[in-house]
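Student: how would this look folded up:
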Amino acid sequence: MGCEVLVLSVRIYAVTAGSPAEKAGIKQDERILSVNGEDVTDEIDYQALTAVSDLTVRIENENGVRTLSIRKEEWEPLGLCLDETESMKPRHCRNKCVLWISCPKECGNLYTSRMMTGD
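Tutor: Here you go, the predicted structure:
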């Protein structure tokens, strides 16, 4: 009996003119699969994974999957606007932390910036 393989991806809603993404040939309506070997499942993953200067980005479109090498300035935006579906909403831990690098209440969740919604 075989297993079904689920490929996580996020649709690219728009590409910023003049951005590293546009220069690399990424197009609207393609899907971003991974950055530097890590799945992109939401906006938090995307922002954290694209903050570095050297990127290996896997993109999917109707013709298949391609891998792009992109070099940009560290923290320079890649230039993609991602589809705001249910999977793209910010994650919360059970302690109501939002976007933490590490949860202050030791729950083990990892996020990308420091904001709290609870006490």
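
Student: State the helix or strand in which I44 lies.
Tutor: Element membership of I44, judged by DSSP states H and E, is helix 43-49.

Student: Summarise which helices and strands the helix or strand that comes right after that helix is packed against.
Tutor: Note on helix 43-49: by DSSP H and E, the next helix or strand toward the C-terminus is strand 54-61. With contacts taken as 3 or more C-beta pairs under 8 Å, 6 or more residues apart in numbering; DSSP states H and E, strand 54-61 sits against strand 31-35, strand 64-71. (Glycine included, C-beta is placed from N, CA and C.)

Student: So which of those strands is nearest C81?
Tutor: strand 31-35 (11.2 Å; C-beta to C-beta).

Student: Let's have the helices and strands packed on strand 54-61 in CSV, adding mean neighbour count and mean pLDDT.
Tutor: CSV is the format used below for the helices and strands packed on strand 54-61 (neighbours: other C-beta atoms under 10 Å; pLDDT from 0 to 100):
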stretch, mean neighbour count, mean pLDDT
strand 31-35, 21, 92
strand 64-71, 12, 97
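
Student: how about those in JSON lines, adding distance to A48?
Tutor: JSON lines is the format used below for these (distance: least, C-beta to C-beta, whole Å):
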{"stretch": "strand 31-35", "distance to A48": "9"}
{"stretch": "strand 64-71", "distance to A48": "16"}
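
Student: Among the ones you listed, which comes closest to T56?
Tutor: Among the helices and strands packed on strand 54-61, strand 64-71 sits nearest to T56 (C-beta to C-beta), with 5.8 Å.
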